[in-house]
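Asks: below are the sequence and a predicted model; questions follow.
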Amino acid sequence: MLRDRNVSAVEVLESCLKRIHQVDGRPGALDAGEVSKEDEQRVHAFITLTAESARESAEKVDRMLTAGDDPGLLAGIPFTVKDIFCVAGTPSTAGSRILANFRAPYTATPVERMCAAGAVMLGKVNLDEFTFGSSSESSAFQPSPRNPWNPARVPGGSSGGSTASVAAGEAFLSLGTDTAGSIRQPAAFCGVVGLKPTYGRVSRYGLIAFGSSLDCPGPLARSAADAALMMNAIAGVDNRDATTASVPVPDYLVELEKDIHGMRIGLSPDYFRITFPDAQSGNYREQAVPDAMRDAVLEAAEVFRALGADIIEDVPMPNTRYGIPAYFVISRVEAASNLHRFDGVKYGHRTAKEVHELKELYRCSRGEGFGLQPKLRILMGMNVSAAQYSEQYYQRALRVRTLIRRDFEAAFDPQGKYRLDALLTPTTPTPAFPIQDVYGDSVLMQYADQLTVPANHAGTPGISFPGSLDAEDLPIGLQLLGADFTEDLLLRLAHAYEQATADAPWRKKKLRILDLEKL
Amino acid sequence: MSKNKDEIIRETFDHLVDLAEFALEEGEARYLLRELNSQLSAIHQLEAIPLDEDLPPASHGVPYPQDRKQPLREDLWDACKDASSILGQAPQTEGGYIVVPDIPHTDLD
């Protein structure tokens, strides 16, 4: 439409800004006071809206179109950025008081690539503090984002502002990150598409680090095609991130349209059950995922079968259940290491108290600047990596990680027994839970990532896409997991599912947040 | 709560807090200690997994064979064009230096 000049980039932008004005409510802020009745009906995706620079970008796209120049692959497409990416000149807060006043001096590679492709950045969106959570409630910037399908529910996390902004129609695309499921879990909760690429597929340069061996930037979008378009812009080697892999990047849009006939899709009993800490006794028990989640996966398998895919049942992924315990160790050690740099000296929050020596400055600045979740992660990371525990915890967790990786290698081995192209699973054990239901219980919150975290350990790609709605009209996310660097196959399958279910009645339902327009 | 042989006692907790450089309020400390022990009981599930002696650790999931690795960059000096944009982030500066309070002398153990 843009290229045919039916609509201008500025008009597209203005429609997004209008939607933001209608549904977003007040942006996240420090010391924001009580959440009002009105707040409870708004999305609160944003921390920082960059409307002025967005207008400049959109005007530039329009000028290029008028002049007959190519404005780029993502020309005029408004997008949001999870506030864990540095973007020059914008506050880059990580959802934390300790970085609330930090303005990044440079721009993260994925953001730079999107802007170079003509995309229009609307602003920075909210998240769990330093991405540490699965509900976006732990941000120091309140009110935290709400689920556009039902604002009494969490949008998931930690990329909750990203998924809420896309689901609410405020933006077409968002850039998120996934360390244990932080793209896929909120995508499932908000009914959008979220792709966690293979580790090394998308540059982490300019990403405020959490778990350096696990973090993956990736797209949030309304459809698999939009996610494919975004991947075409952001994927590939970056000489500023040595962990990006020299593996050719396919044209994801071309791959999207190919046939799925004969593709092998697995189902694993290990992704139909979860191990959960019992809220009363604290003991762990194993239970089946709720029927609605299981049925959604099985129905989707039938859709794929009807499209000509082979469904392979009973694929063993026996180490899935150890994903969270291993993650509790590995991610905490990496988080502690990454978060020592925030000290109140070079940038960020410095205590206003009068301090007499450097250690006191560190203690007060870090004590005031970090919220509870970063403190918890740093302390656990230091505990499990202490010399006397390293063998028992950290080294052991790294070896368990090998086992988890081997589950994937066996399932996807082209010469193996299963020879899968993808494994189909629920993305999450449940649909979006109510706000404040889980927050504070750091163990239960972590278990929201049980079905997503194995792919982070393995480094393999995963996509969550909307499967259907449950009885309460909350989205149910389906997950496809693949072998290294097979994002193209995952996008193709998700796209095929979208096409095959385009007329499903649930796709016609409207977001509850849009009732605001009637007010 | 399942039995936890390596439960973090308050003394250990205070040592960790000291190493982590946090000034904590008592309410925070109680929450953090409780959650740490709760997480440790989840971590203890790892001990039930039989691991072969020769099972190697994985520091990351995706292998990096030589043809996927990026060659080392040439070590080029790329001066920051606007040092004041970096120094301007520091809470306290003086004459191009970042200012901190006194660093008292400590004897190493």
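Replies: Received it, and whenever you're ready, just let me know what you need.
Asks: next, name the residue at the spatial heart of chain B.
Replies: residue B:20 (8.2 Å; CA atoms, centre = their mean).
Asks: OK, contacts around it?
Replies: The contact partners of residue B:20, by CB atoms under 8 Å, 6 or more residues apart in numbering or on different chains, come to A:336, A:366, A:375, A:378, A:379, A:382. C-beta here means a position set from N, CA and C on the backbone, and glycine is covered the same way.
Asks: in what helix or strand does the third one lie?
Replies: So the one you mean is residue A:375. Under the criterion of DSSP states H and E, residue A:375 resides in helix A:372-384.
Asks: tell me the first helix or strand C-terminal of that helix.
Replies: helix A:396-412.
Asks: just for the chain, where's the confidence low?
Replies: By default, I'm working from chain A. A:1, A:279-282, A:516-519 (pLDDT under 70).
Asks: my bad, chain B
Replies: In chain B (pLDDT under 70), the answer is B:1-5.
Asks: tell me where it has strands.
Replies: B:93-94, B:97-98 (DSSP state E).
Asks: which residue ranges form the strands in the stretch 301-450 of chain A?
Replies: A:310-312, A:422-426 (DSSP state E, counting those that start in this stretch).
Asks: pipe these into a markdown table and attach mean neighbour count and distance to residue A:321 per row.
Replies: Formatted as a markdown table, the strands of the stretch 301-450 of chain A follow (neighbours: other CB atoms under 10 Å in any protein chain shown; distance: least, CB to CB, whole Å):
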| stretch | mean neighbour count | distance to residue A:321 |
| --- | --- | --- |
| strand A:310-312 | 16 | 21 |
| strand A:422-426 | 28 | 13 |
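Asks: of all those, which one comes closest to residue A:189?
Replies: strand A:422-426 (12.1 Å; CB to CB).
Asks: do that closest one and chain B come into contact?
Replies: No: applying CB under 8 Å from any CB of the partner chain, one finds strand A:422-426 separated from chain B by no less than 15.2 Å.
Asks: also stretch A:435-448?
Replies: Yes: residues of stretch A:435-448 are located near chain B by CB under 8 Å from any CB, namely A:440, A:441, A:442, A:443, A:446.
Asks: next, the buried residues of that stretch.
Replies: A:435, A:437, A:438, A:439, A:442, A:443, A:444, A:445, A:446, A:447, A:448 (16 or more other CB atoms under 10 Å in any protein chain shown).
Asks: how about the residues of the stretch 51-200 of chain A by chain B?
Replies: Counting by CB under 8 Å from any CB, the stretch 51-200 of chain A comes close to chain B at A:102, A:103, A:105, A:198, A:199, A:200.
Asks: which of those residues lies closest to residue A:208?
Replies: Closest to residue A:208, out of all of those and judged by CB to CB, is residue A:102, at 9.2 Å.
Asks: that closest one - how many residues pack around it?
Replies: Residues near residue A:102, counting by other CB atoms under 10 Å in any protein chain shown, number 21.
Asks: how about the contacts made by residue 60?
Replies: You didn't pick a chain, so chain A it is. residue A:71.
Asks: chain B, not that one
Replies: With CB under 8 Å, 6+ apart, residue B:60 has these contacts: A:199, A:213, A:243, A:459.
Asks: now whichever residue of chain B sits closest to chain A: closest residue in space, sequence neighbours ignored.
Replies: Using CB to the nearest CB, the closest approach of chain B to chain A is made by residue B:61 at 2.7 Å. Nearest non-adjacent residue to residue B:61, counting by CB to CB, 6 or more residues apart in numbering or on different chains: residue A:459, 2.7 Å away.
Asks: in this structure the one you found contacts residue A:201, no?
Replies: No: between residue A:459 and residue A:201 there is no contact under CB atoms under 8 Å: 9.6 Å.
Asks: how close does the most centrally placed residue in chain A get to residue A:478?
Replies: Nearest residue to the geometric centre of chain A (CA atoms, centre = their mean): residue A:183, 1.7 Å. Distance, residue A:183 to residue A:478, by CB to CB, to the nearest Å: 14 Å.
Asks: same question for residue A:418.
Replies: Counting by CB to CB, the gap from residue A:418 to residue A:478 is 19 Å.
Asks: who has more neighbours out of these two?
Replies: Legend: neighbour count by other CB under 10 Å for residue A:418 and residue A:478, higher for residue A:478 (25 against 16).
Asks: and the strands in the stretch 1-150 of chain A, which stretches?
Replies: A:46-49, A:78-82, A:120-125.
Asks: how near is residue A:7 to residue A:385?
Replies: 54 Å.
Asks: same question, residue B:92
Replies: 32 Å.
Asks: comparing the two, which residue is more hemmed in?
Replies: residue A:385 (19 against 13).
Asks: what's the closest non-adjacent residue to that one?
Replies: residue A:333 (4.6 Å).
Asks: which residues does residue A:146 contact?
Replies: A:40, A:42, A:43, A:44, A:152, A:153, A:154, A:155, A:164, A:435, A:513.
Asks: ok, and the most crowded of these?
Replies: residue A:164 (38 neighbours).
Asks: which strands and helices sit next to the helix or strand containing that residue?
Replies: Using DSSP H and E, residue A:164 sits in helix A:160-167. Applying 3 or more CB pairs under 8 Å, 6 or more residues apart in numbering or on different chains; DSSP states H and E, one finds that helix A:160-167 makes contact with strand A:46-49, strand A:78-82, strand A:120-125, strand A:173-178, helix A:184-190, strand A:216-221.
Asks: out of the ones you listed, deepest packed?
Replies: helix A:184-190 (a mean of 36; mean count of other CB atoms under 10 Å in any protein chain shown).
Asks: check which helices and strands that helix sits against.
Replies: Secondary-structure packing of helix A:184-190 (3+ CB pairs under 8 Å, 6+ apart): helix A:160-167, strand A:193-196, strand A:462-469, strand A:475-481.
Asks: and it, C-alpha only, in PDB?
Replies: In PDB, the C-alpha atoms belonging to helix A:184-190 read as follows (Å, rounded to 0.1, in the frame of the first residue of the first chain):
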ATOM      1  CA  ARG A 184       7.600 -16.900  23.000                       C
ATOM      2  CA  GLN A 185       5.700 -16.900  26.300                       C
ATOM      3  CA  PRO A 186       4.400 -13.300  26.000                       C
ATOM      4  CA  ALA A 187       3.600 -13.900  22.300                       C
ATOM      5  CA  ALA A 188       1.500 -16.900  23.400                       C
ATOM      6  CA  PHE A 189      -0.200 -14.800  26.200                       C
ATOM      7  CA  CYS A 190      -1.000 -11.900  23.800                       C
END
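Asks: so what's residue 86 up against?
Replies: Picked chain A for this. A:92, A:104, A:105, A:106, A:107, A:108, A:206, A:207, A:208.
Asks: um, chain B though
Replies: A:105, B:80.
Asks: against residue A:502, how distant is it?
Replies: Taken as CB to CB, the span from residue B:86 to residue A:502 is 51 Å.
Asks: residue A:360 too?
Replies: 62 Å.
Asks: residue A:421 too?
Replies: 23 Å.
Asks: the more surrounded of the two?
Replies: residue A:421 (23 against 8).
Asks: quickly compare the helices and strands packed on helix A:184-190 and say which is most buried.
Replies: helix A:160-167 (a mean of 36).
Asks: and the angle for that helix with strand A:78-82?
Replies: Interaxial angle, helix A:160-167 versus strand A:78-82 (axes from the mean of the first three to the mean of the last three CA atoms, to 10 degrees): 160 degrees.
Asks: report the angle between helix A:160-167 and strand A:173-178.
Replies: Computed by the same axes, to 10 degrees, the angle between helix A:160-167 and strand A:173-178 is 150 degrees.
Asks: list of residues touching stretch A:297-316?
Replies: By CB under 8 Å, 6+ apart, stretch A:297-316 touches A:259-270, A:272, A:407, A:410-411, A:418, A:420, A:423-426, A:467-468, A:478, A:493, A:496-497, A:500-501.
Asks: and the longest helix for chain B?
Replies: helix B:26-43 (DSSP state H).
Asks: hmm, who's touching it?
Replies: A:277, A:282, A:284, A:324-325, A:328-329, A:372, A:375-376, A:379-380, A:383-384, A:393, A:397, A:440-443, A:446, B:1-2, B:4, B:6-8, B:10, B:13, B:17, B:24.
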